[in-house]
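In: coords please:
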Amino acid sequence: MRVKPIIMIFILFTIVFFVPFSVASAENGQNVWNGYDLEVLNTYDSQLVGQNSTIEIIEDKLIYNGEYIVKNKTDKTIEVILGLPSNNLENVQITDRGSSIKHYNRNGSYIEDKYPSESLPKAAKWHTISLWLKGGETRNLNVRYEAKLINDSKGVYSVRYNRNKNLMDSEASTIVLSLRDFFPYNILDTTGIISDKAIFGSNNHLLLEMNKDSEILGLDYELLDKLSIDRLDFGSDKKLKNIAASFRKKEYDTVNTLCDEYIKNPGDPAFSMVQIQYVKAEAYRKQANFEKYFEFLKGLDFEKLYPNRLKYKILYDADRILQGKVQDAQLLAIMKSLQAQAYTDNEYIGKWMQGDGNSYEDDGSITNRGDSSPNKVKEDSVVAKTIKHLKLENIIYKIKAFKYTPLIVIVAAFLLGYLFGRRTKKRKNTISYYTFKR
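Out: As a prediction, the model looks like this:
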């Protein structure tokens, strides 16, 4: 039987969309780090009444420090079993008044059998402790642990922290993300954050506070500086790897020499020359040779950089140097374009520009000379601005992350194929025709 072309088209449509969604779903499930609060396991006579926690992230390392207040609600002495769900936690320490409490390692099935409860999170491993509390007694417990974060194939790190739903006084509790050696351009997306309480402190220290009404705190980020240099290691030419190695050793003169040699004689036709030009510019910036840095900056095609959001790092670095004072028309156009994208594409780099950055709106003192160079930054079209305004990329990301997206796509594709097939058949049955007889 011959398959109708329209059905074939929709089958191909399904395959094209289904595969990326499936891969994305698999990656999200495997690489997202999930953290949890301490939980009361064995009794309703005690309750966690408050907490004060800090989740510190340094590149791919997470350090948790939390203080919990547990209270005996009765006038009798009771035993309280507390559990901490574990997601590959390391160096777990639980202390009471400065003294370490022995904790036991349990698997998830043990917890489910011994302490069945719908409200408990599902975790493969747990750490449990036992406390004896006198009638009406409250106790302050400190929990500290570390965890190694793993990025996905695109270099994105994802952190999700789940607040205890049974916490008595959530208004008196705080959970803070402390991001060390971090920059606003590193952030891709956040969940459950109080946006107007973001603090960009000194020494590249970023503080974000969890919304008290939210049950989940989420952070997706990428280390743009590292990714831009690691990209060279994937090239087929050994010279690219040598450039990356020299950059990591901070041998910037060597980096510039190797970049010049590669530009004259490129050995990997699939590798973007724009990335080499960026690395050379970055080496000049590291040496505080800002004249050379901006010279190479003006020749970059920002849309060909890897990762694409590397342009926000350039915006940040250039603004730190320029401090809002630009005498070059082409450089001003670059800063204006990048700043406009920062406002619409990325919440936190935009917030940084509004609070600590500078404005690059043309005040008329600098005239645009109409440079027709192909490397000139072009103003966004109306369509591009509309797409950015609607944050189309973010919408697509949310769709991909939705659990049932692959199933919906399959059903929709076959349903459309079926309807079009029915419509085509119906039209064939109703077309008038003539029979000629001799």
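
In: next, count neighbours for the spatially closest residue to residue 184 that is not a sequence neighbour.
Out: Once flanking residues are discounted, residue 184 sits nearest to residue 352: 3.9 Å by C-beta to C-beta, 6 or more residues apart in numbering. Placement of C-beta: from N, CA and C, glycine included. Other residues lying near residue 352 total 23 when counted by other C-beta atoms under 10 Å.

In: then residue 105?
Out: By the measure other C-beta under 10 Å, the count of residues near residue 105 is 11.

In: is it true that it lies in a strand?
Out: Yes - assignment of residue 105 by DSSP: H, G, I helix; E, B strand; the rest coil places it within a strand.

In: nearest residue to it other than its sequence neighbours?
Out: Leaving aside its sequence neighbours, residue 105 sits nearest to residue 127 (C-beta to C-beta, 6+ apart; 6.2 Å).

In: parallel or antiparallel, list what pairs with the helix or strand that neighbour falls within.
Out: Element membership for residue 127 (DSSP states H and E) is strand 125-133. Sheet pairing of strand 125-133 (DSSP bridges) gives strand 78-86 (antiparallel), strand 104-107 (antiparallel).

In: angle of the helix or strand that it is followed by against strand 125-133?
Out: Per DSSP H and E, strand 125-133 leads on to strand 138-148 as the next helix or strand towards the C-terminus. Counting by axes from the mean of the first three to the mean of the last three C-alpha atoms, to 10 degrees, strand 138-148 lies at 160 degrees to strand 125-133.

In: report the buried residues of strand 138-148.
Out: For strand 138-148, the neighbour count (16 or more other C-beta atoms under 10 Å) marks 139, 141, 142, 143, 145, 147 as buried.

In: distance of the first one from residue 43?
Out: To tie it back to what came earlier, the one meant is residue 139. Plainly put, residue 139 is 14 Å away from residue 43 if you go by C-beta to C-beta, to the nearest Å.

In: now swap in the second one and tell me
Out: Distance of residue 141 to residue 43, computed by C-beta to C-beta: 16 Å.

In: go on, the last one?
Out: Here the criterion is C-beta to C-beta. By it, residue 147 lies 29 Å from residue 43.

In: now the helix or strand harbouring residue 416: average pLDDT?
Out: Using DSSP H and E, the element containing residue 416 is helix 405-430. Averaged across helix 405-430, pLDDT comes to 62.

In: ditto for stretch 305-319
Out: Across stretch 305-319, the per-residue pLDDT values average to 94.

In: buried residues, that stretch. List them.
Out: For stretch 305-319, by 16+ other C-beta under 10 Å, it's 305-307, 309-319.

In: just give me the closest of these to residue 271.
Out: Closest to residue 271 out of the buried residues of stretch 305-319 is residue 306 (9.9 Å), distances taken as C-beta to C-beta.

In: you'd agree that closest one is up against residue 275?
Out: Yes - the pair residue 306 / residue 275 is scored as a contact, 6.0 Å apart, by C-beta atoms under 8 Å.

In: what do these two both touch?
Out: Contact criterion C-beta atoms under 8 Å, 6 or more residues apart in numbering; residues shared by residue 306 and residue 275: 228, 231.

In: wait, a helix at the residue nearest to residue 184?
Out: Yes - counting by three-state DSSP, residue 352 falls inside a helix.

In: contact partners for it?
Out: Counting by C-beta under 8 Å, 6+ apart, residue 352 has contacts 184, 200, 316.

In: so which of those residues belong to helices?
Out: The helices, defined by DSSP state H, take in residue 316 from these.

In: so the protein: which segments form each domain?
Out: Annotated domains of the chain cover 37-222, 226-395 [automatic domain parsing].

In: where among those is average confidence lowest?
Out: When those are ranked by mean pLDDT, domain 226-395 comes last with a mean of 82.

In: how about the strands in the stretch 51-200 of the chain?
Out: Ranges of strands in the stretch 51-200 of the chain, per DSSP state E, counting those that start in this stretch, are 61-72, 78-86, 90-96, 99-100, 104-107, 125-133, 138-148, 156-162, 174-180, 187-191, 199-201.

In: nearest to residue 268, of those?
Out: Evaluated over the strands of the stretch 51-200 of the chain, closeness to residue 268 peaks at strand 156-162, with 25.1 Å, by C-beta to C-beta.

In: OK, contacts around the residue nearest the centre of the chain?
Out: Among the residues of the chain, the one closest to the centroid is residue 220, at 2.1 Å (C-alpha atoms, centre = their mean). Residues near residue 220 by C-beta under 8 Å, 6+ apart: 156, 157, 158, 159, 187, 188, 189, 190.

In: try residue 311
Out: By C-beta under 8 Å, 6+ apart, the contact set of residue 311 is 302, 305, 338, 341.

In: switch to 10 Å and redo it
Out: When contacts are counted by C-beta atoms under 10 Å, 6 or more residues apart in numbering, residue 311 touches 185, 224, 278, 300, 302-303, 305, 334, 337-338, 341-342, 345, 349, 377.
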